[in-house]
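Colleague: coordinates only, sequence not included:
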């Protein structure tokens with residue numbers, strides 16, 4: 001396992017680049033997932049605009065005016081923070097001895113480097129300001145295409161999604177959070193997918209409505225992208241070993257899987273970022289420093305989910321042009337993600353709730369709700385399509 005990109009590069013290619021210790025592997029895959037989702041959603045928004053389903057909007061934009069003081073302040077602060085925290089890592093990797101989160105959230109840094117980089121960014125912003133000014137500033141009406149909102153949408157999705165993933169994880173493991181709240185918040189692991197889906201989705205829909213993109217159209221655009229992003233994120237879980245693995249698997253690998261490596265059937269996640277060596281939830285006391293791996297192999301469920309999500313993305317991508325009613329594709333996505341997660345929960349490690357004598361996990365409960373919600377949305381979308389004209393303009397788009 002590779003807790004950081006530094007570990008991966010050193011093991012795979014033999015390069016020793018201490019600065020890369022600041023980039024944890026799971027975070028790297030999450031970043032890639034957001035970038036890929038942004039790209040896929042941009043493609044879909046462009047397609048829907050070309051087909052006349054979505055329409056561009058207009059806005060007034062100031063051209064040639066001096067930058068505001070806030071522009072200079074933000075640029076200067078960014079330069080100082082990067083200079084204070086990041087530049088020192090290029091020359092002293094020992095700063096990360098206690099882990100990247102410990103260093104980043106400490107007062108350690110280099111003031112001189114911070115001031116120098118802040119000054120450089122301030123100068124660059126001033127030069128940019130001078131170049132764009134006009135003798136007579138003016139306001140122009142510009143056309144804004146739906147896909148041009150994707151930068152803002154991705155930013156909101158990242159902030160609300162990570163918050164939701166952390167929040168739901170703390171609810172699921174409340175006792176652990178109470179025991180170490182600071183560690184729980186800033187830990188590189190401990191993210192719940194459904195929390196990210198619910199909060200991140202709410203954030204995206206808020207932006208879509210604000211920017212004049214219909215809710216159901218935005219849902220259809222986001223479904224395939226979220227499925228692919230989930231698969232990439234699960235690869236991050238697997239390669240970092242963040243604790244989202246399955247239960248102990250002591251069964252022998254079946255002969256029909258002989259072509260696959262042994263770790264695909266059962267894996268002990270050496271050097272995992274969760275620093276776990278007890279796969280049985282407390283019944284096998286151990287010291288990770290002495291045995292930096294799970295003492296018994298477990299189901300590598302993150303890899304299974306990654307493969308399932310990427311395959312399901314392919315299915316959604318093939319269906320996206322064939323399913324016409326707005327919202328129907330997202331209904332199918334909800335059914336897929338609910339069914340996939342419900343099934344994988346049978347071999348995953350998770351805390352359970354006592355509901356009338358049943359002991360489901362948080363993910364199982366949400367999976368059922370999402371599956372049923374997907375059915376309801378699918379029925380609603382087709383019923384709505386049957387009872388209305390195919391293209392009705394609503395808030396600058398057609399549903």
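Modeller: On my side now, so go ahead. Bear in mind the structure is a predicted one, so any value in this text is a computation, not a measurement.
Colleague: now the farthest one out in this structure, which residue is it?
Modeller: residue 135 (44.4 Å; C-alpha atoms, centre = their mean).
Colleague: and residue 47, that's in a strand?
Modeller: No: if the criterion is DSSP: H, G, I helix; E, B strand; the rest coil, then residue 47 is helix and not within a strand.
Colleague: re the thing from before, what sits closest to the residue farthest from the centre of the chain if chain neighbours are left out?
Modeller: With C-beta to C-beta, 6 or more residues apart in numbering as the criterion, residue 135 has its nearest non-adjacent residue at 7.9 Å, and that residue is residue 64. Every residue, glycine included, has its C-beta placed from N, CA and C.
Colleague: Can you give me the neighbour number for that neighbour?
Modeller: 13 (other C-beta atoms under 10 Å).
Colleague: check contacts around it.
Modeller: 132, 133, 134, 135, 136, 137, 138 (C-beta atoms under 8 Å, 6 or more residues apart in numbering).
Colleague: before we move on, what about residue 115?
Modeller: Residue 115 touches 80, 83, counting by C-beta under 8 Å, 6+ apart.
Colleague: Poorly predicted segments of the stretch 201-350 of the chain, please.
Modeller: 281-282 (pLDDT under 70).
Colleague: which ones are touching residue 231?
Modeller: Neighbours of residue 231 in contact, by C-beta under 8 Å, 6+ apart: 305, 306, 307, 308, 309, 310, 313.
Colleague: Next: residue 195.
Modeller: 164, 165, 166, 167, 168, 169.
Colleague: and the gap between the residue nearest to residue 135 and residue 144?
Modeller: Distance, residue 64 to residue 144, using C-beta to C-beta, to the nearest Å: 19 Å.
Colleague: Check residue 274 too.
Modeller: 44 Å.
Colleague: Same drill for these two, tell me which one is more crowded.
Modeller: residue 274 (21 against 15).
Colleague: wait, that one sits on residue 241?
Modeller: Yes: between residue 274 and residue 241 a contact is recorded at 6.1 Å, counting by C-beta atoms under 8 Å.
Colleague: and residue 386, how many neighbours?
Modeller: 8.
Colleague: tell me which element it falls in.
Modeller: In the assignment (DSSP states H and E), residue 386 maps to helix 362-387.
Colleague: So which bits of that helix are buried?
Modeller: Within helix 362-387, the residues that count as buried by 16 or more other C-beta atoms under 10 Å are 362-367, 370-371, 373-374, 377-378, 381-382, 384-385.
Colleague: Strands of the chain, start to end?
Modeller: 57-63, 138-144, 393-394, 397-398 (DSSP state E).
Colleague: Distance of the residue lying closest to residue 90 once chain neighbours are set aside relative to residue 91?
Modeller: With C-beta to C-beta, 6+ apart as the criterion, residue 90 has its nearest non-adjacent residue at 5.6 Å, and that residue is residue 19. Separation of residue 19 from residue 91 (C-beta to C-beta) stands at 9 Å.
Colleague: So those two - more neighbours on which side?
Modeller: Set residue 19 next to residue 91 and count neighbours by other C-beta under 10 Å: residue 19 wins out with 15 against 11.
Colleague: what about residue 70, how many neighbours?
Modeller: Count around residue 70 with other C-beta under 10 Å applied: 8.
Colleague: just the helices in the stretch 1-150 of the chain please.
Modeller: Using DSSP state H, counting those that start in this stretch, the helices found in the stretch 1-150 of the chain span residues 5-13, 25-50, 69-85, 100-104, 111-132, 150-172.
Colleague: tell me the mean pLDDT over the shortest one?
Modeller: In other words, helix 100-104. Per-region confidence: helix 100-104 scores 68 on mean pLDDT.
Colleague: go on, the first one?
Modeller: The average of the pLDDT scores along helix 5-13 is 85.
Colleague: Please apply the same query to the second one.
Modeller: Rounded to a whole number, the mean pLDDT of helix 25-50 is 91.
Colleague: same for it, what does it pack against?
Modeller: Applying 3 or more C-beta pairs under 8 Å, 6 or more residues apart in numbering; DSSP states H and E, one finds that helix 25-50 makes contact with helix 5-13, helix 150-172, helix 215-240.
Colleague: sorry, back to before: may I see the helices of the stretch 1-150 of the chain organised as TSV, with distance to residue 346 added?
Modeller: Listed next are the helices of the stretch 1-150 of the chain as TSV, based on distance: least, C-beta to C-beta, whole Å:
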stretch	distance to residue 346
helix 5-13	31
helix 25-50	24
helix 69-85	43
helix 100-104	33
helix 111-132	51
helix 150-172	17
